[in-house]
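In: Okay, predicted coordinates and the sequence, questions at the end:
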Amino acid sequence: MTRMKRRTFLKTAGAAAGLAATGPFFHVRPARADKGELVVVSWGGDYDQALRDLVFPAFEKATGYTVKLDAPPETAKVKAMVQSGNVSWDVIMTDIPAVLTLVKDNLLEPLDYGALDKAKLDRIPKELQRSHALGQRIYSFNIVYNTNSYPAGKAPRSWADVWNGAAFPGGRTFNFQGGIEPQLEVALLADGVPIDKLYPIDVERAWKMYDKLRPLVSKWYTSHAQAIQLLGAGEAAVGCTIGPRGIAAKHGGAPIGVEYNQGKLASDNWCIVKGARNKKIAMEYINFAIDPKAQAAIAKRVPYGPSNGGAYEFLSAAEAADLNTSPQNIKEQFWQNVEWWSTPGPDGKTPRETQAERFATWMLKG
Amino acid sequence: MSDDRLSAGRALLWLFGAALLVFLIAPIIVVVITSFNATPYLAFPPQALSLRWYRNFFQSAHWIDPALLSLRVALVAMAGATVLGSFAAIGLARGRFRGKRGLELFLVSPMVVPIVVMALGLYFLFSPLHLLGTPAALYLGHTVIATPLVMVIVLSGLRSTDPAAELAARSLGANYWRALWHVLIPAIRPAILSAAAFAFLVSFDEVVLAIFLGGPDATTLPKRMWESIRFEIDPTLTAISSLLTLLVLLILGCAELARSLQRRASRG
Amino acid sequence: MTEPRRGGLGLWRRGRRVWRPREGLLVLPALVFYILVYLYPLTRLLAWSFFDPGPTLKFYGALLAEPAYLKALSNTLEISVAATVLSLVLGYPLAYLMATSGARARSLLMALILIPFWTSILVRSFAWIVILGNNGIVNRTLLSLGLVSRPAKLLFDMTGVQIGMVHVLLPFMVFPLYGVMSRIDPNLLRVARSLGAPPRRAFAKVFLPLSLPGVAAGCVLVFLLAIGFYVTPALLGGAGEITLATMIDMMVNTLLNWGFAATLGVVLLAVVGVIFVLFSRLLGLHRLTAVGEEGAR
């Protein structure tokens, strides 16, 4: 009886192993059908809601396409999608190191600048116009805190303060996963490296600072929207997340404060994923997104710096002062060195990739 | 036990039991109450009452599209699992063949295989077939996890029926499959119905498969909820939670009804 | 179906010859489906863990060589054992209460366990986030009672994960326990008492030993489910509580290390498989599947 059972079992297992060894026995490669839909991938939160309210309707009305929004546009995910032939994203918005990492692996389509309005392009700085990416907004990693956790005037003002758990009690929240790189520059600033001497990044020194940060963190967040929520609810007292989102939450009544000092500025850019269903429609979408009026309307809700300089003409002086790119705010911050983050090392991987992987293994070693 | 019902120990036991039940039920009640809150952030008890989160759920494609997809996937999985699981249960209960015990073990094993592992296996299976991110991946995956449940429930229903009835029909000249269709299946219909209901529920609530196999074109309600909890907590979640709890109550009610039918059927 | 029927038994015996073999065929559709969409992918997992693209043991080597991975494994076991013990400690008295109560009280208790049992795990995890947060009802009660001076940390750490897991797993402990306890003849206890044993002793000498199969079934089941948990640690943990399941997610979605993800899957599967097969040999499969039945009552 037992022997019989074992034999049948072995037979079934053998058959299955045989199947497994032959590999996938049929390959289908369907052309991804154009169903009148465009999938746009952004970073969630208020900005996405603003896109939904202020950009998509005009585009949908003009083209008859509907837009679906997904988040977040992780580089690893793009790679997995394109390489396995399961592409379900069309347009993504991401930072330059991520863009260059993707371009290196041939995972993005070049942009067709002829499909964009020249008047709009003329107002976008040249360094935000790349072959595979076009700037949409300027983001910044800033010190964002819960105002109930610190008495007025006693909130953390520098990254060294954020690392100082004794003088500034309360849980920290920093990003982990969600397609965001580790904040190595910020760690170096906390260790006293001058703001103009951050690059090339002393990686080991930065990770040592992360070791010191670990016990202070009450929750590693996976999206900026989550970070704002944790800070607003007091689950964390202070964290490193997008300042403009903090300002938007503050205007919405949340007990949140933003410190622009020592913030890290960088750009988010539109790109088209290799294998996107309809490149022409994707370009048309981008054309709507870089409209100065639309960008100004978004900036009124979430004060990211718009890429289109024309947007400022639709903002009041107070609204412009709120932006993370206002002259007053920009003075206190530094620009991310995209060169450093996207120059491949000897193994062919960019620091954007290497450091993200190191971040994951670092976390596992916790 | 009537003599110690009033004893101190018994009272203590009830107190403990009650506390535990509060632990089990309270979270759900808190969420249901929170769902009627009018403020744009979570607050308990609610500061002002409103149905805005329910309106938000039913009016926004962001939530209602995934809900409709979940419905579709759950119906397909329910149909697949009910057919496969019921037949398998009948085969196991009435058939006589070698290796039956091993087969039963194999057929119920998906109940204990960690869903993450199953999701990973299916991820590798569907990736070269270009099925990742399509509803088809979910139809298949959900059917796998719902089938064992159907089988177990139908098997237990079969245990309370008498094989004699089928044999009687057969001895009266009924064709083999006719006896199955006209005698056996009606006898276990309540079990099949309640199994189907639970298969629906299991599929409707499944989140891990949806996380691994879904995509923007295949976002089920649990996947959307997962994203919302992980990325930005939207109070609409409270309304959805209440609606899902209502669904559970409905299905448990149906199952209870089916069970009393089964009792009547097996008695009669 | 309480008493065997004579006629039925006669027909049954006669029927064996004509009736049974063909009915076994009804298993086939499910079997074929399982082989394609269940067994085949799991075997592919095995293949992924041993090939890259030639045969290799490097993934298993890495698993053993890197303390971080072993730590995830020990984390997983630790969390699962703790959840099992907690569920047993809480579940045993509850099952006992159910088994020794009148029919009406029992139905009430059963219903109150079944509702959360069938409620979406997402809904329940979300509920705990609402309740256990710094502004949640628990912390506000503690603060207003003056028991704590600042909100206690209940969320996004091990406490939160354990609360969430026990909430999910408790019914899986209670059902098998109750199933066994309800079959213990209350007369046995009564006899023990009438022979002069004090209640506590009667319980320890008579009831407890008879309930042990239920304890074993409940513990195995809860442990099996706990080691594969993904949703609860991911939502209620702070990211430090890395388990095999969350590590698989990280390998697939962040590091794109599919071979290693497959290896972790195989390890998890092997642990579950060994326990499952051993248990069904020793105590019978029906004790595990009983949960499905109880749950569907």
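Out: Cool, the structure landed.
In: A:Ser218: what secondary structure?
Out: When classified by DSSP: H, G, I helix; E, B strand; the rest coil, A:Ser218 comes out as strand.
In: What is the burial count for the closest residue in space to it that isn't next to it in sequence?
Out: Using CB to CB, 6 or more residues apart in numbering or on different chains and skipping the chain neighbours, the partner closest in space to A:Ser218 is A:Gly171 (2.6 Å). All C-beta atoms are positioned from the backbone trio N, CA, C, and that covers glycine. A total of 24 residues lie near A:Gly171 under the criterion other CB atoms under 10 Å in any protein chain shown.
In: Can you give me the distance of A:Gly171 to chain B?
Out: Distance of A:Gly171 to chain B, computed by CB to the nearest CB, to the nearest Å: 17 Å.
In: can you check A:Cys240 too?
Out: Counting by CB to the nearest CB, the separation of A:Cys240 from chain B is 17 Å.
In: repeat for C:Ile248
Out: Distance of C:Ile248 to chain B, given as CB to the nearest CB: 5 Å.
In: chain center to the helix or strand encompassing that residue, what's the gap?
Out: Here C:Ile248 sits within helix C:244-253, counting by DSSP states H and E. In terms of CA atoms, centre = their mean, to the nearest Å, the centre of helix C:244-253 is set 21 Å apart from its chain centre.
In: try stretch A:255-273
Out: So, by CA atoms, centre = their mean, the centroid of stretch A:255-273 is 9 Å from its chain's centroid.
In: so who does the residue nearest in space to the middle of chain C touch?
Out: For chain C, C:Val222 is the residue whose C-alpha lies nearest the centre (CA atoms, centre = their mean; 2.8 Å). C:Val222 makes contacts with C:83-84, C:87-88, C:169, C:172-173, as judged by CB atoms under 8 Å, 6 or more residues apart in numbering or on different chains.
In: Which elements pack onto the helix or strand just after the helix holding C:Ile248?
Out: Sequence order places helix C:258-283 as the next helix or strand after helix C:244-253, per DSSP H and E. Contacts defined by 3 or more CB pairs under 8 Å, 6 or more residues apart in numbering or on different chains; DSSP states H and E place helix C:258-283 against helix B:115-126, helix C:40-50, helix C:58-65, helix C:208-227, helix C:244-253, helix C:286-295.
In: and B:Ala119, what does it touch?
Out: B:141, B:208-209, B:211-213.
In: Now name the helix or strand holding the closest residue to it other than its chain neighbours.
Out: Nearest non-adjacent residue to B:Ala119, counting by CB to CB, 6+ apart: B:Phe212, 3.8 Å away. If you go by DSSP H and E, B:Phe212 is part of helix B:208-213.
In: So which elements touch that helix?
Out: helix B:115-126, helix B:135-159, helix B:221-231.
In: Kindly export the last one (C-alpha atoms) in PDB.
Out: Backbone C-alpha positions of helix B:221-231 (Å, rounded to 0.1, in the frame of the first residue of the first chain) are rendered in PDB as follows:
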ATOM      1  CA  LEU B 221     -10.000  45.700  -4.900                       C
ATOM      2  CA  PRO B 222      -7.700  44.100  -2.400                       C
ATOM      3  CA  LYS B 223      -4.600  45.200  -4.400                       C
ATOM      4  CA  ARG B 224      -6.000  48.700  -4.500                       C
ATOM      5  CA  MET B 225      -6.600  48.600  -0.800                       C
ATOM      6  CA  TRP B 226      -3.100  47.200  -0.200                       C
ATOM      7  CA  GLU B 227      -1.600  50.100  -2.200                       C
ATOM      8  CA  SER B 228      -3.800  52.600  -0.300                       C
ATOM      9  CA  ILE B 229      -2.800  51.200   3.100                       C
ATOM     10  CA  ARG B 230       0.900  51.100   2.100                       C
ATOM     11  CA  PHE B 231       1.200  54.300   0.100                       C
END
